[in-house]
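[1] Just a sequence and a predicted model for now, questions to come.
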Amino acid sequence: MIPPRMHHVLCVLAPLLLANCTLARPQNPPGASSKAKTTPNVVVLFIDDLGYADIGPFGGTIPTPNLDRMAKEGMRFTDFSVSSAVCSASRAALLTGCYHQRIGIAGALGPDAQIGIGAQEMTIAELCQQKGYATACFGKWHLGHHPKFLPTRHGFDEYLGLPYSNDMWPLHPNYAKHPPETAQRKQGYPALPLIDGETVIDAEVTGQDQTQLTKTYTERAVSFIERHREQPFFLYVPHSMVHVPLFASERFAGKSGKGAYGDVVMEIDWSVGEILGTLARCGLDDNTLVVFTSDNGPWLSYGNHAGAAGSLREGKGTMFEGGIRTPTIARWPGRVPAGATCAEFASTIDILPTIAKVIGAPLPTHKIDGLDISPLLFGEPGATSPHRLFCCYYAGGQLQAVRDARWKLHFPHSYATLAGKEGGKDGSPAPYTNHKIELSLFDLKADPGETSNVLAAHPDIVERLQRLAADARVDLGDALTKTTGSGVRAAGKLAAGDPRLVW
């Protein structure tokens, strides 16, 4: 864990949902603790660039015993999507319950970004604070790195982490070139500062480097749980890994037998075990909802340093299922059915309104897009996806696809692909090529890999989805059709006189 006192540079800152859910046991088994009836704790574990098929519960071959146990004690969601297949947009949607398009956050914000999450948005942390929760974020933020955008200004009592992706550090001379990891290591790239609260920690003095990131975030998370065991809490752990460049601590480096990527996934699994173990040790196990998921699919161009999407099409950077469908597990002993699998569609934008329902907190007064999926979560008989339409925005506001619980309609757009070529080696990415998809309809229940265009066979489905998409464009806009949305809220902007983060 990072020492409490370090050489540092101060910042100037300051429904109803089980037709497709299979259960292994009843919803509320006899003998369940009465603690389950009190205000529950919430833990969200958000992994960076983890592929759908990377962990044991979803067919992965890397050893993940803690996630395997979590799935046996909870529910797997096999059709669970993010708002967009890229970092900042995905995180904005998770934390606000809104499409990223609605709140003005697109793509991945870099070190030169002058925008961030808007002050008018309500995060999950702020929602929980309404009910007296302690809140903390330990990990990658990526919603703006200047003081007004940091977690401590958006509902989090505590924060430790990187403000953006671990390959974006501006102090690195080749930041813009994304050099191979071997070169990064030679140039001292692993050493980087962290932000603790609103203070920059000098990594050159402390020796903090990327090999310690997963361990450091986990230790802080464990400490937070121990210190707040007597009050409800919301803990958000957005790990920097498994984003490239890959780093694991000495305990896990070379231990997986699956290369550097396997080592990093093993350490993430260890982190899950440490957090679950702490909940049990503190007597909080049966009063805590834990959700594990990823911000997008695997960054396939990195080859052996990237994850796997399994049979799903494409990966990060596309709105095909390989880019937005993520391995998701929810666990709450006595409330979430153990050993369950839910194949109904749900999304990260649903987490905020579901938490609101579970803890009895009022929703934001402004419009959000997520829906309460507690009937799915708790295995209510006959529960189905509440989503009549889900919008897939990417590439600066392009409405590239829409879907309902079964059907997905892609609009004509370009996308980056390896086109069957192998990815790169040992941290060097392979180049993508641009392809274009024409108007295409896929039956995601029968064909989650999006291999067979059934457009001609279902004109009624196409017409219905096109009509719903037209309504969505009026609200949210669409760069492909040059439509301005009436329901879009501006992101926060750095204004003259606003404090900047000082490195």
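    Thanks, I have the structure now.
[2] could you give the mean pLDDT of stretch 260-267?
    Averaging pLDDT along stretch 260-267 gives 98.
[3] mind listing the helices for the stretch 251-400 of the chain?
    Listed in chain order, the helices of the stretch 251-400 of the chain (DSSP state H, counting those that start in this stretch) span 259-281, 321-324, 351-359, 374-377.
[4] And the chain, what are its domain boundaries?
    Using automatic domain parsing, the domain parsing of the chain gives 15-22+38-387, 391-489.
[5] Just name the most buried of these.
    Highest mean neighbour count among those (mean count of other C-beta atoms under 10 Å): domain 15-22+38-387, with a mean of 22. The C-beta positions use only the backbone N, C-alpha and C, and glycine is treated the same way.
[6] chain center to that domain: distance?
    On the basis of C-alpha atoms, centre = their mean, to the nearest Å, domain 15-22+38-387 sits 4 Å off its chain's mean C-alpha point.
[7] related to what we said a few turns ago, can you tell me which of the domains of the chain comes nearest to residue 499?
    domain 15-22+38-387 (4.7 Å; C-beta to C-beta).
[8] At the geometric centre of the protein, which residue sits there?
    The centroid of the chain falls nearest to residue 295 when counting by C-alpha atoms, centre = their mean (2.9 Å).
[9] Any stretches of the stretch 401-503 of the chain with poor pLDDT?
    Along the stretch 401-503 of the chain, the parts satisfying pLDDT under 70 run over 502-503.
[10] where do the helices sit along it?
    Assigned by DSSP H, counting those that start in this stretch, the stretch 401-503 of the chain shows helices spanning 459-476.
[11] quick revisit: save the helices of the stretch 251-400 of the chain as JSON lines, and put in distance to residue 439 too.
    JSON lines is the format used below for the helices of the stretch 251-400 of the chain (distance: least, C-beta to C-beta, whole Å):
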{"stretch": "helix 259-281", "distance to residue 439": "36"}
{"stretch": "helix 321-324", "distance to residue 439": "18"}
{"stretch": "helix 351-359", "distance to residue 439": "31"}
{"stretch": "helix 374-377", "distance to residue 439": "31"}
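[12] looking at those helices, which is closest to residue 236?
    Nearest of those to residue 236, taken as C-beta to C-beta: helix 351-359 at 10.5 Å.
[13] Counting by contacts, list what that closest one packs against.
    Secondary-structure packing of helix 351-359 (3 or more C-beta pairs under 8 Å, 6 or more residues apart in numbering; DSSP states H and E): strand 41-47, helix 87-96, helix 124-129, strand 288-294, helix 374-377.
[14] Figure out which of these is closest to residue 347.
    The nearest among the helices and strands packed on helix 351-359, by C-beta to C-beta, is helix 87-96 at 8.0 Å.
[15] Mind giving me the packing neighbours of that closest one?
    Contacts defined by 3+ C-beta pairs under 8 Å, 6+ apart place helix 87-96 against strand 41-47, helix 124-129, helix 351-359.
[16] need the ones you listed in CSV with distance to residue 144, can you?
    Output for the helices and strands packed on helix 87-96, formatted as CSV (distance: least, C-beta to C-beta, whole Å):
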stretch, distance to residue 144
strand 41-47, 17
helix 124-129, 15
helix 351-359, 19
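[17] Out of those, which gets nearest to residue 313?
    Nearest to residue 313, of all those, is strand 41-47, at 20.8 Å by C-beta to C-beta.
[18] Compute the inter-axis angle for whichever helix or strand comes after the closest one and strand 41-47.
    Proceeding N to C from strand 41-47, the next assigned helix or strand is helix 65-72, under DSSP states H and E. Interaxial angle, helix 65-72 versus strand 41-47 (axes from the mean of the first three to the mean of the last three C-alpha atoms, to 10 degrees): 130 degrees.
[19] Need the residues that contact helix 65-72.
    With C-beta atoms under 8 Å, 6 or more residues apart in numbering as the test, helix 65-72 has contacts from 55-57, 269-270, 272-273, 276, 290, 292, 329, 331, 338-339.
[20] For the spatially closest residue to the residue nearest to the centre of the chain that is not a sequence neighbour, give me its contacts.
    Closest residue in space to residue 295, ignoring its immediate chain neighbours: residue 90 at 4.2 Å, by C-beta to C-beta, 6 or more residues apart in numbering. Residues in contact with residue 90, defined by C-beta under 8 Å, 6+ apart, are 82, 83, 84, 100, 295, 296, 348.
[21] sorry, back to before: closest one of the contacts of helix 65-72 to residue 373?
    Comparing those against residue 373 with C-beta to C-beta places residue 329 closest, at 14.1 Å.
[22] in the stretch 201-350 of the chain, which spans are strands?
    Here the stretch 201-350 of the chain has its strands, by DSSP state E, counting those that start in this stretch, at 233-238, 288-294, 328-331, 340-342, 346-347.
[23] what would the ones you listed look like in a markdown table with distance to residue 494 and mean pLDDT?
    Output for the strands of the stretch 201-350 of the chain, formatted as a markdown table (distance: least, C-beta to C-beta, whole Å; pLDDT from 0 to 100):
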| stretch | distance to residue 494 | mean pLDDT |
| --- | --- | --- |
| strand 233-238 | 22 | 98 |
| strand 288-294 | 29 | 98 |
| strand 328-331 | 34 | 99 |
| strand 340-342 | 41 | 98 |
| strand 346-347 | 30 | 98 |
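[24] now those strands in JSON lines, with distance to residue 262?
    Listed next are these as JSON lines, based on distance: least, C-beta to C-beta, whole Å:
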{"stretch": "strand 233-238", "distance to residue 262": "21"}
{"stretch": "strand 288-294", "distance to residue 262": "16"}
{"stretch": "strand 328-331", "distance to residue 262": "19"}
{"stretch": "strand 340-342", "distance to residue 262": "25"}
{"stretch": "strand 346-347", "distance to residue 262": "28"}
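[25] re the thing from before, so which of the domains of the chain is nearest residue 495?
    Closest to residue 495 of those is domain 15-22+38-387 (C-beta to C-beta; 8.7 Å).
[26] Quick check: the residue nearest to residue 436 when sequence neighbours are not counted vs residue 387, distance?
    Distance criterion C-beta to C-beta, 6+ apart; nearest residue to residue 436, sequence neighbours excluded, is residue 414 at 4.9 Å. Residue 414 sits 26 Å away from residue 387, going by C-beta to C-beta, to the nearest Å.
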